[in-house]
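# Using only what follows, build the 3D model:
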Amino acid sequence: MVELSPIEQMVVKAMQELGASKDTALKTADDIAKKTNRPKGLVTNTLVSLSQKGVAKRVAREKSAGYYLMQR
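All right, here's what the predicted structure looks like:
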């Protein structure tokens with residue numbers, strides 16, 4: 001199991017609550033920032049970190065990237 005910081009845990013929990021659990025249910029950094037009530041920059045950096053750890057997946061799209069949780 002990957003060690004997650006408190007902010008990473010918060011973002012993962014928010015993604016679970018938003019239903020971002022598969023590639024057909026992508027959520028943007030804006031969606032997650034609103035849910036966590038944290039700055040978008042912090043959430044974006046956290047999502048990058050989660051992607052690097054294999055916890056979340058980033059999907060590039062025309063307007064903004066979407067994210068979802070990888071199955072563990």
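
# So for Val48, what's the pLDDT?
pLDDT recorded at Val48 is 96.

# now swap in Thr24 and tell me
Thr24 carries a pLDDT value of 89.

# That one and Lys53: what is the separation?
Per C-beta to C-beta, to the nearest Å, Thr24 is found 22 Å from Lys53. From N, CA and C alone the C-beta is placed, and that goes for glycine too.

# So between the two, which is more surrounded?
Applying other C-beta atoms under 10 Å to Thr24 and Lys53 shows that Lys53 carries more neighbours, namely 13 against 6.

# And for the closest residue to the more buried one other than its chain neighbours, the neighbour number?
Closest residue in space to Lys53, ignoring its immediate chain neighbours: Val2 at 4.9 Å, by C-beta to C-beta, 6 or more residues apart in numbering. Per other C-beta under 10 Å, the neighbour tally for Val2 reads 9.

# For Val2, give me its contacts.
Applying C-beta atoms under 8 Å, 6 or more residues apart in numbering, we find Val2 in contact with 53-55.
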